[in-house]
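Student: Here is my input, please return the structure:
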Amino acid sequence: MASTESGALRKTPLYDRHIALGGRMTPFAGYEMPLRYTGGILGEHRAVRQEAGLFDVSHMGEILVRGPHAADCVQYLITNEAMSLQAGQAVYTCMCRENGGIIDDLIVYRLAEDEYLFVVNAANRQKDFMWMIRNNPAKAIIEDISDEIALIAVQGPRARAITEAALEEDLHGLKSFHFRHASGRYFAGARFSIVSATGYTGEAGVEIYCDADLAGSVWDRILKAGTEQGLKPAGLGARDTLRMEAAFRLYGNDITEETNPIEAGLGYFVRMDKDDFIGKPVLERVRSESPSRKLVAFIVQEQGAIPRSGHSISTPMGLDTGVVTSGTQSPMLGRGIGLGYVPNDPACTMPDSEISIAIRSRTIDALVKRPPLHKT
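Tutor: Below you'll find the predicted structure:
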C-alpha cells in the first residue's frame, strides 16, 4: 500500500481495479479511494440495502497486540470489556484520554489467548499507535501491521451467500461480532486471513482481512460471484449515506477528542464494572451527573431540505441550541437525515421530539428518531 513518492497519496492493493471499474477517486485519510463508481451513490446504496455491496476498506489501520500480558494491555486501553472475549470474538469500543475525550472508536478482535487485533480509523492510525505505545504498562508487544493487511467488506442481505460461494468458506452459524480464520484453498499459505461478521452499513455482512497480495484475487472472485445477484462495488459516498441511516458515528464529525462516549450515546460500550481503564474516573462522574448534551438522530420533515455538518439546531422550550455533526439525503427515505448534539433534556432527546434545523437561512422542522432511521 506504499505511495510511489514521498508525500504522495497512498494506494490500496485494489487501486487498479477501482480505476478499471470507473471509480471516481478522491483523497481520503491519506489514500486515493473510490468515492463512487459509474452507477452512482444512489444505486450503490440501494444495492447494499436490497442485495449486496462490495467495499475496499484497506485504508483502515490494523494494530496487533500480543504477548503474555496482551489482555492486561488491551483491558487498560479500551472502555469495553476485553478479558471476557474468547478467541473468535470481537467487540466495538472506544479508546479515551484521561479526560474522557475519545481518541478513536474501533473494533478489537481476540485472535488467540495472547493476541488481539485493533482495527482503527484510517486517519487515526499513527495517533492511535503512538498512544498505545505510550500507555502500555503491561509491556505487551504492539505492532502496526496495516501495510501488510487488506480489508474487503461485503454488505447486504445477500452478502454472506455471495462470500461463501466466491471463497468456498463455510460461514454457517457465524454470529454478529464473531469471526473465523479462513481455511479455504484461496487462502492457503496466507499469513493472515479472517472473515468477520462486522460492518459499517447497518446490514448483515462480512469483512475479510487478508494478506495484501491476496486482495486482488479475493475482490475478483466476490465480484464475479455476486454480479448476477445484484452486488455492486460501492465507494465512500454510499458508505457514508449507509452509516448515517444506521446512525453510526463517524470519527472527526460525531465523535472527537472533545466529546466523550456518554454524551455520544456510546455508554453501552463503557464498562464501569471492570478494573481501571484510561478515562474511567471522569466517565464515571459524567455518567453519575448526566452529560449536559446528547447526540441524537433525526429526520427532516420537508423534502429537499438537507442538513449538513455545522448547521445549528433550535430546540423547544427556550433550551440552548445544538449543532448538526453529520447530515445527508437518505436514499431510502427521500428526506434529509442527520446526527447532532442537543441539550440533554427529554424535550429534545426522546423519540419524536421536535427540533428545528437552520438550512439555507430557513428553519426546517425535524423529528428525533430512534435508529436505524431507514426503518422508522
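Student: List the buried residues for the lengthiest strand in the chain?
Tutor: Secondary structure of the chain per DSSP state E: the longest strand is strand 102-112. Residues of strand 102-112 classed as buried: 102-111 (neighbour count, 16 or more other Cβ atoms under 10 Å). C-beta coordinates here come from the backbone N, C-alpha and C atoms, glycine included.
Student: partners of that strand, with directions?
Tutor: Partner strands and pairing direction for strand 102-112 (DSSP bridges) are strand 90-96 (antiparallel), strand 115-120 (antiparallel).
Student: Quick check: mean pLDDT of the first one?
Tutor: Same thing as strand 90-96. For strand 90-96, mean pLDDT rounds to 98.
Student: List of residues touching it?
Tutor: 77-82, 85, 102-110, 128, 131-132, 177-179, 196, 198, 255, 260-261, 266, 269-270, 277-279, 283 (Cβ atoms under 8 Å, 6 or more residues apart in numbering).
Student: Please parse the chain into its domains.
Tutor: 1-290, 292-375 (automatic domain parsing).
Student: How far does the shortest one stretch from one end to the other?
Tutor: In other words, domain 292-375. Using Cα to Cα, to the nearest Å, the span of domain 292-375 from its first residue to its last is 29 Å.
Student: Do you have the helices of the stretch 1-150 of the chain handy? List them.
Tutor: For the stretch 1-150 of the chain, applying DSSP state H, counting those that start in this stretch gives helices covering 15-20, 40-50, 70-77, 125-134.
Student: hang on, residue 85 packs against residue 112?
Tutor: No - counting by Cβ atoms under 8 Å, residue 85 does not reach residue 112; the two are 11.0 Å apart.
Student: could you pull out the strands for the stretch 201-350 of the chain?
Tutor: Per DSSP state E, counting those that start in this stretch, the stretch 201-350 of the chain carries strands over the ranges 205-211, 232-233, 293-300, 312-314, 322-329, 336-343.
Student: Tabulate those in CSV, adding columns for mean pLDDT.
Tutor: CSV is the format used below for those (pLDDT from 0 to 100):
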stretch, mean pLDDT
strand 205-211, 98
strand 232-233, 98
strand 293-300, 98
strand 312-314, 95
strand 322-329, 97
strand 336-343, 97
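Student: Residue 16 is nearest to which of the ones you listed?
Tutor: strand 232-233 (13.2 Å; Cβ to Cβ).
Student: re the thing from before, could the strands of the stretch 201-350 of the chain be laid out in CSV, adding mean neighbour count and distance to residue 13?
Tutor: Listed next are these as CSV, based on neighbours: other Cβ atoms under 10 Å; distance: least, Cβ to Cβ, whole Å:
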stretch, mean neighbour count, distance to residue 13
strand 205-211, 24, 9
strand 232-233, 25, 15
strand 293-300, 23, 35
strand 312-314, 19, 42
strand 322-329, 21, 29
strand 336-343, 24, 32
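Student: could you dump these to a markdown table with distance to residue 38?
Tutor: Output for the strands of the stretch 201-350 of the chain, formatted as a markdown table (distance: least, Cβ to Cβ, whole Å):
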| stretch | distance to residue 38 |
| --- | --- |
| strand 205-211 | 23 |
| strand 232-233 | 10 |
| strand 293-300 | 29 |
| strand 312-314 | 37 |
| strand 322-329 | 20 |
| strand 336-343 | 26 |
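Student: before we move on, back to that, could you tell me the average pLDDT over the longest strand of the chain, please?
Tutor: According to the model, strand 102-112 has a mean pLDDT of 98.
Student: angle of it against helix 70-77?
Tutor: Inter-element angle recorded for strand 102-112 and helix 70-77: 160 degrees (by axes from the mean of the first three to the mean of the last three Cα atoms, to 10 degrees).
Student: Pick the most deeply packed of the helices of the stretch 1-150 of the chain.
Tutor: helix 70-77 (a mean of 22; mean count of other Cβ atoms under 10 Å).
Student: Which elements pack onto it?
Tutor: strand 115-120 (3 or more Cβ pairs under 8 Å, 6 or more residues apart in numbering; DSSP states H and E).
Student: Residue nearest the middle of this structure, spatially speaking?
Tutor: residue 200 (4.7 Å; Cα atoms, centre = their mean).
Student: Counting neighbours, what do you get for the closest residue to that one other than its chain neighbours?
Tutor: Nearest non-adjacent residue to residue 200, counting by Cβ to Cβ, 6 or more residues apart in numbering: residue 243, 5.3 Å away. For residue 243, the count of nearby residues is 20 (other Cβ atoms under 10 Å).
Student: mind checking how far residue 243 is from residue 309?
Tutor: Counting by Cβ to Cβ, to the nearest Å, the gap from residue 243 to residue 309 is 14 Å.
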